[in-house]
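>>> model this:
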Amino acid sequence: MTKTSPSSTDVQDMVAQADTGARSPRGLAGRILWVVPLCWSLFQLWYASPLPFIFNVAVLNDTEARSIHLAFAVFLAFTAYPALKRSPRDRIPLLDWILAFAGSFSAAYLYVFYTELAGRSGAPTPTDIYVAVTGMVLLLEATRRALGPPLMVVAAVFLLYTFGGPHMPDVIAHKGASLNKAMSHLWLTTEGVFGIAVGVSTSFVFLFVLFGAMLERAGAGAYFIKVAFSLLGHMRGGPAKAAVVASGLSGLVSGSSIANVVTTGTFTIPLMKKVGFPGTKAGAVEVAASTNGQLTPPIMGAAAFLMVEYVGISYVEVIKAALLPALISYIALIYIVHLEACKAGMQGLARHYKPTLAQSLLSFASTIVGLLVLSAVIYYGVGWTKDVFGAAATPMIAAVIFIAYVILVKISANYQDHTLEDPNADITSVPDPGPTIKSGLYFLLPIVVLVWCLTVERFSPGLSAFWATVFMIFILLTQRPLMAFFNQEMSLGQATKVGVIDLLESLVSGARNMIGIGVATAAAGIVVGVVTLTGIGLVMTEFVEFISGGNILLMLLFTALISLILGMGLPTTANYIVVSTLMAPVIVTLGAQHGLIIPLIAVHLFVFYFGILADDTPPVGLAAFAAAAIAKSDPIRTGIQGFTYDIRTAILPFMFIFNTQLLMMNIDSWWHLMLTVISAIIAMLTFSAATQGWWFTKTKWWEVMALLLITFTLFRPGFWWDKIYPPVHDMPGVLISDAADKLTIGEPLALQVRGENLAGKMISKHVRLPFDETAITPEERIASTGLMLRQDGEKMLVDMVEFDSPAEQAGIDFDWEITTVSLPAARPMKEWVFVPTLMILAALGWNQRRRARLAGHL
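Sure, this is the predicted structure:
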């Protein structure tokens, strides 16, 4: 073992320090540290349920709920996390009790005195300010304990910026704020600490984390690992491929990269080393797979739920946009593992059974499209019941799920010897997939409930997670008694007792998993509050435009770099909040000024992806340290290797910024969808071959360059096609009526506008204004966008802009000039460029296979 690598016995402690708190005191303190998280989970379940409204008891508004939520998080941050590495872990010092109660009171102040604070909004008393300052200081300390210094330092820097505005360099200077104004804004309103981020943590995130903790306690995590291993373990580098798939499935259970590494890595990393992977590469595969677990719908971690609020779209739309990039990213990682195995001449583990044709097909298909098929079956195969039976469909489906649950538990009871009780057990052969899959099929039912609520019932993410969690509570209480009833291995009384213990422990572990997220969202709220208080968002636009020179690609690289640097010390959620708050509006604004319309969801996913990639970025990537501890390898080398595997994920955000079809946007038919999916998969596999230096045999430098060019073309066919066939036909602004008349329903009015903004700066930008579909004449269509125009010679000027209209939302003001109107040009579809591209790829493949045969690789 290298000197820099922590011992494997430190791995669980690493997870505890990062996710749940390292303290495990005994006696009264231990019981308090068990009861308080339990109460937090029960409170969150009550708040999310319909019960408060049914019984009209303890009905809380958003602000009150956020206040209680943060009070629990701060209390547990001081009691569960030691102040320093040398601080005691088997007891809680008196000072920590005092800080815990002071911090939780400061957070609960908005709930306790909600009516009084509402009555004096904007005029805080000295007591209000004392509490706010105390709460702010203790929140920063709670953040340092739970998440380390980086997020605390970032939040503190923004606080200093609030007070030191007049003394800052001119480019970022502002008029500053008094202590009263700053603390009132950041602590006593919903603009700062108790803003959207904590609101999402309260309403959505907690329940999804609790749902994952219950799945893990029920045994779903181990089940997913064993199923992936049974399906893929026999292939070349099979354990590594199983690690990739298991980590993707574990994204349903764990929103933490580190916990994901430990959960699947303790099983898969030793097996990878057994079939020939060096420790560094075995750990790196697990790191790359685990960090990407947060990309996997339908559960994508806390940041995905924040997108719902920040972007203003439904969670289903977020899932839809994230689905294809996540799919091709995971397929590419499996292919990278395959190429590594081919390069090293590895083989899979032995099978002690003869696979049937069905099992062979299952091995390939289920690992790639299993969850997609499950979601499609729920939406299309079961969703029709909603149209046919109306309100009666829900209880009918509930009854069907209950019956299916009992039947599947009965089936599983016959195959419990195939469950993964000990992930560290020595495994020399691949288990039979059939019995392994049957040993826990009922674990898919909570996911069915979740997908049903999200896609068919169209519930909010919070309510969907609530009903999925209620079903998980039912499973935890009944799975063991049912197993005992069917296989007679345990008395019903013992089984029921174990089920109750499982439920209580999952409620406690779910809440402890939320401590870091709770304080992270609150601390990141400081950054958001400072941005709204000081107006630094407008300053950032000018600053970034100055640095990038208006170049979109440089701007994106700058944003990616910020995300990676901040992400070295910030959790993904906090990183996403900080960078998206500062950079997302800037990218959209500057993109529009240079004729590129970038959907807001694309920018937010861009930041989200790079925030996740930071988890394996040396020298601080905690996921790499956890994997290195298991693999007994050097953590820095493991992190670097993991990041090289993750390059395939790093190029995706750049591609979907410029080609939004990868986010399932602007796709008009099923065959267009299939063409997009297939071309994206081929592109990612081609890129993987190029970066690994191996396809059928070792690639030459010119083959690498050709493969990279093919990748770019498949990902962004419009780049070359636009040079042959311009995508739009530009007309002078005075011909706007002619252009509006030629548009078809659903096509926006595309304009290049120019004018002076409120700061007195002349800007030019491209806007797309949707018009009312009921408007018939050109004049009606233009008016429905909110524009009132007047012609002044050869110029078309904006006379007035209707309030809250598409034009006003696009930032157009009166006296601006419409310089150009653009109409879509009639041209062949850009996908025709795939034909010569794929022919070149086929020629490269033929040459590679010829050389591979000569070298004896085939």
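
>>> The lengthiest helix in the chain - what's its average pLDDT?
Looking across the chain with DSSP state H, the single longest helix is helix 315-344. Regarding helix 315-344, the rounded mean pLDDT is 83.

>>> which helices and strands does that helix pack with?
Secondary-structure packing of helix 315-344 (3 or more CB pairs under 8 Å, 6 or more residues apart in numbering; DSSP states H and E): helix 238-250, helix 279-291, helix 302-307, helix 357-376, helix 600-613, helix 647-658, helix 670-692. For the C-beta atoms, the positions are set from N, CA and C on the backbone; glycine is no exception.

>>> got the buried residues for it?
By neighbour count, with 16 or more other CB atoms under 10 Å as the criterion, the buried positions of helix 315-344 are 315-342.

>>> same question, stretch 589-599
For stretch 589-599, by 16+ other CB under 10 Å, it's 589-593, 598-599.

>>> Just those residues: which are in helices?
Per DSSP H, these map to helices at 589-593.

>>> now, which of the buried residues of stretch 589-599 sits nearest residue 663?
Nearest to residue 663 among the buried residues of stretch 589-599: residue 599, at 7.3 Å, using CB to CB.

>>> ok, which stretches of the stretch 151-300 of the chain are helices?
For the stretch 151-300 of the chain, the helices defined by DSSP state H, counting those that start in this stretch occupy 179-187, 196-200, 206-218, 220-232, 238-250, 257-274, 279-291.

>>> nearest to residue 84, of those?
Distance to residue 84, taken as CB to CB, is lowest for helix 257-274 among the helices of the stretch 151-300 of the chain, at 20.8 Å.

>>> Using CSV, write out every CA atom in the closest one.
Taking Å, rounded to 0.1, in the frame of the first residue of the first chain, the C-alpha atoms of helix 257-274 are listed here in CSV:
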residue,chain,number,x,y,z
SER,A,257,-20.7,9.7,-5.1
ILE,A,258,-18.6,8.6,-2.1
ALA,A,259,-21.4,6.4,-0.7
ASN,A,260,-21.9,5.0,-4.2
VAL,A,261,-18.2,4.1,-4.4
VAL,A,262,-18.2,2.4,-1.1
THR,A,263,-21.5,0.5,-1.7
THR,A,264,-20.6,-1.0,-5.0
GLY,A,265,-16.8,-0.6,-4.8
THR,A,266,-16.3,-3.0,-1.9
PHE,A,267,-17.7,-5.7,-4.1
THR,A,268,-16.6,-4.8,-7.6
ILE,A,269,-13.0,-3.4,-7.1
PRO,A,270,-11.5,-6.6,-5.7
LEU,A,271,-13.2,-8.6,-8.5
MET,A,272,-11.8,-6.2,-11.1
LYS,A,273,-8.4,-6.7,-9.7
LYS,A,274,-8.9,-10.5,-9.8
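
>>> That helix to helix 315-344, inter-axis angle?
Angle, helix 257-274 to helix 315-344, by axes from the mean of the first three to the mean of the last three CA atoms, to 10 degrees: 20 degrees.

>>> which strands and helices sit next to helix 257-274?
Counting by 3+ CB pairs under 8 Å, 6+ apart, helix 257-274 packs on helix 11-15, helix 220-232, helix 238-250, helix 279-291, helix 622-631.

>>> what comes into contact with stretch 401-410?
441-442, 445, 448-449, 471, 475, 478-479, 482-483, 486 (CB atoms under 8 Å, 6 or more residues apart in numbering).

>>> Sort the residues you listed by pLDDT and name the bottom one.
residue 448 (81).

>>> doesn't it fall inside a helix?
Yes: according to DSSP: H, G, I helix; E, B strand; the rest coil, residue 448 belongs to a helix.

>>> That one and residue 401: what is the separation?
Noted for residue 448: a distance of 7 Å to residue 401, by CB to CB, to the nearest Å.

>>> Next: residue 113.
Residue 113 is 45 Å from residue 401, by CB to CB.

>>> related to what we said a few turns ago, Serialize the helices and strands packed on helix 315-344 to CSV and add fields for mean pLDDT, distance to residue 555 and mean neighbour count.
Compiled in CSV, those are given as follows (pLDDT from 0 to 100; distance: least, CB to CB, whole Å; neighbours: other CB atoms under 10 Å):
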stretch, mean pLDDT, distance to residue 555, mean neighbour count
helix 238-250, 76, 31, 30
helix 279-291, 84, 24, 31
helix 302-307, 76, 20, 27
helix 357-376, 49, 33, 15
helix 600-613, 84, 10, 26
helix 647-658, 84, 10, 21
helix 670-692, 88, 23, 19
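
>>> Make a markdown table out of those helices and add distance to residue 552.
As requested, those are exported to a markdown table (distance: least, CB to CB, whole Å):
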| stretch | distance to residue 552 |
| --- | --- |
| helix 238-250 | 31 |
| helix 279-291 | 26 |
| helix 302-307 | 21 |
| helix 357-376 | 32 |
| helix 600-613 | 11 |
| helix 647-658 | 8 |
| helix 670-692 | 21 |
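
>>> For residue 626, find the nearest of those.
helix 279-291 (8.2 Å).

>>> From the chain's centre, how far out is that closest one? Work that out for me.
Helix 279-291 has its C-alpha centroid displaced from the chain centroid by 19 Å (CA atoms, centre = their mean, to the nearest Å).

>>> repeat for stretch 517-528
The gap between where stretch 517-528 is centred and where its chain is centred comes out at 17 Å by CA atoms, centre = their mean.

>>> What segments of the stretch 351-500 of the chain are helices?
Going by DSSP H, counting those that start in this stretch, the stretch 351-500 of the chain shows helices at 357-376, 384-389, 393-413, 433-438, 444-451, 461-487, 492-513.

>>> Got the domain ranges for the chain?
The chain is divided into the following domains under automatic domain parsing: 8-198, 728-826.

>>> Tabulate those in JSON lines, adding columns for distance to residue 636, mean pLDDT and mean neighbour count.
Formatted as JSON lines, the domains of the chain follow (distance: least, CB to CB, whole Å; pLDDT from 0 to 100; neighbours: other CB atoms under 10 Å):
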{"stretch": "domain 8-198", "distance to residue 636": "16", "mean pLDDT": "87", "mean neighbour count": "18"}
{"stretch": "domain 728-826", "distance to residue 636": "44", "mean pLDDT": "85", "mean neighbour count": "16"}
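
>>> Throw those domains into JSON lines and include distance to residue 529, thanks.
Compiled in JSON lines, the domains of the chain are given as follows (distance: least, CB to CB, whole Å):
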{"stretch": "domain 8-198", "distance to residue 529": "3"}
{"stretch": "domain 728-826", "distance to residue 529": "22"}
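
>>> Let me know which of those is the nearest to residue 582.
Among those, domain 8-198 sits nearest to residue 582 (CB to CB), with 10.1 Å.

>>> For the closest one, what is the distance to the chain centroid?
Domain 8-198 has its C-alpha centroid displaced from the chain centroid by 23 Å (CA atoms, centre = their mean).

>>> Then stretch 542-549?
On the basis of CA atoms, centre = their mean, stretch 542-549 sits 28 Å off its chain's mean C-alpha point.

>>> Tabulate the CA atom coordinates of that stretch in PDB.
C-alpha atoms of stretch 542-549 as PDB (Å, rounded to 0.1, in the frame of the first residue of the first chain):
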ATOM      1  CA  GLU A 542     -19.700  42.400 -18.400                       C
ATOM      2  CA  PHE A 543     -16.800  40.700 -16.700                       C
ATOM      3  CA  VAL A 544     -17.200  37.400 -18.500                       C
ATOM      4  CA  GLU A 545     -17.700  39.100 -21.800                       C
ATOM      5  CA  PHE A 546     -14.500  41.000 -21.300                       C
ATOM      6  CA  ILE A 547     -12.500  37.800 -20.400                       C
ATOM      7  CA  SER A 548     -14.000  35.700 -23.200                       C
ATOM      8  CA  GLY A 549     -14.100  38.500 -25.800                       C
END
